[in-house]
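Q: fold the stuff below for me.
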Amino acid sequence: MEQWQKLLSNSVVKVEDLPFPLDTSEEYKEKLRKVAKVFPIRINSYFRDQIREQNDPMWKQVVPTSEELDDFLSEEELLESDPLNEEGDMPVPELVHRYPDRVLLMINNHCPIICRFCTRKRKIGIPGIVTRETLRQGIEYIRNHPEIRDVILSGGDPLLVPDKELDRILGELRSIPHLEILRIGTRVPGTLPQRITENLCSILKKYHPLYFNMHFNHPAEITPEVEKACNMLADIGIPLGSQTVLLEGVNDNSVVMRELMLKLLKMRVKPYYIYQADMTLGTDHFRTSVEKGLNIIKDLQGHISGMGVPYFVIDTPGGGGKVRLLPNMVLEHNEKELIIKNYEGKVFRYPQAVKKDPENGAESPVSKQTESAADVCQLSV
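A: Okay, the predicted model is just below:
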């Protein structure tokens, strides 16, 4: 058994073994057992060792609380078990085809940790959902749809699939002529970095162009082990990106986000998205206001390199896809000029381009269309 497998086999999966419990009473434990019955628990022993105290950012992400039950009692909240309607966009089991040229293929529904805010809480850690048959149907669907040029392997976490099987899956996908790009969505490098082994890297580097979309939420997740894992992936030529979920009490301020983005860049990981938390059943206590996310982006802009400023997005409820949001930096827009403010709040005027009449030299605006400031913000994304 490899080290990562030992760390995984020693995971916390029972209420009685949770680190730094909020309440040790039998009554509270019983509430948590009800939570765990619906949303399983898994904290691998590496991640368990990163938790320093009750309610710290690592603890909050993986330790269940009785708040997860609250959503069950509030129909008005409109929190759903499948807020993005992924099941509705599955032409075959465990394959989401929402955008024209790309699909998301779930090859596993187990993770090294079970995040309490997970969008797919409805199926993570529950046996029998992803099978060899669902996987076969998914690959066959991709093979029969030449418009698909990009596949994201997801789950669960694809990197919990054994090396030999992962090699087989990637090989089958790479044999499809119209498939240009493979992506792996994973939280493994940040939560079980020992999984990034020399053997795994020797498999992955056979299937370029292969991208990694990773997931980091807090700078405390960037340990020496994580840096080593990310460097191994970068050294075999895999472009690394990261997505972050905006979470109440974990990373909902500019100081934490700035530190996280700078640490990611330092280990060659490009910050890609900050997600507004989805309206998933059992996660309402993690949600923040949208304004908080916009203010974080505003505070990052100009204060760190543009490479470190991710897109802030809402994955629209019901399956409408991702929408990027920007803080409003446009004060006025007309056919003569754009009035904008910079990261310091200073106001600038940017003249519109003009055309000169070759006969009389008269100037006229290139575009006579006038947009509202709000519309220009939307156009700029």
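Q: please make it C-alpha for all contacts and neighbour counts, starting now.
A: Fine.
Q: surely I340 meets V347?
A: Yes - using CA atoms under 8 Å, I340 is in contact with V347, at 5.6 Å.
Q: tell me which of these two has more neighbours.
A: Under the criterion of other CA atoms under 10 Å, the comparison of I340 against V347 puts I340 first, with 18 against 13.
Q: need the contact list for that one.
A: Shown in contact with I340 (CA atoms under 8 Å, 6 or more residues apart in numbering): M329, V330, L331, E332, V347, F348, R349, Y350.
Q: repeat that with 7 Å
A: Shown in contact with I340 (CA atoms under 7 Å, 6 or more residues apart in numbering): M329, V330, L331, V347, F348, R349.
Q: give me the buried positions along stretch 265-281.
A: Within stretch 265-281, the residues scored as buried using 16 or more other CA atoms under 10 Å are 265, 267-281.
Q: ends of it, what's the gap?
A: 33 Å (CA to CA, to the nearest Å).
Q: what does stretch 118-131 give?
A: For stretch 118-131, the first and last residues are 21 Å from each other (CA to CA).
Q: who touches that stretch?
A: Contact with stretch 118-131 is made by F39, P40, S81, E94, I107, N108, N109, H110, G156, D278, T280, as judged by CA under 7 Å, 6+ apart.
Q: distance of L159 from Q194?
A: Noted for L159: a distance of 11 Å to Q194, by CA to CA.
Q: nope, I148 is what I was after
A: For I148, the distance to Q194 equals 33 Å [CA to CA].
Q: hmm, I314 is touching G321, no?
A: No - I314 lies out of contact with G321 (CA atoms under 7 Å); the separation is 8.2 Å.
Q: these two: who's more crowded?
A: More crowded of I314 and G321, by other CA under 10 Å: I314, with 19 against 14.
Q: which residues touch the more buried one?
A: Shown in contact with I314 (CA under 7 Å, 6+ apart): Y275, Q276, K322, V323, R324.
Q: and the helices in the stretch 251-381 of the chain?
A: Remark: helices assigned in the stretch 251-381 of the chain by DSSP state H, counting those that start in this stretch are 254-266, 290-300, 373-379.
Q: now render the contacts of I340 as TSV, adding distance to E259.
A: Formatted as TSV, the contacts of I340 follow (distance: CA to CA, whole Å):
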residue	distance to E259
M329	24
V330	27
L331	30
V347	28
F348	29
R349	32
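Q: can you pick the most crowded of these?
A: In terms of neighbours by other CA under 10 Å, the contacts of I340 top out with V330 at 20 neighbours.
Q: pLDDT check: weakest of the contacts of stretch 118-131?
A: pLDDT is lowest at S81 among those; the value there is 81.
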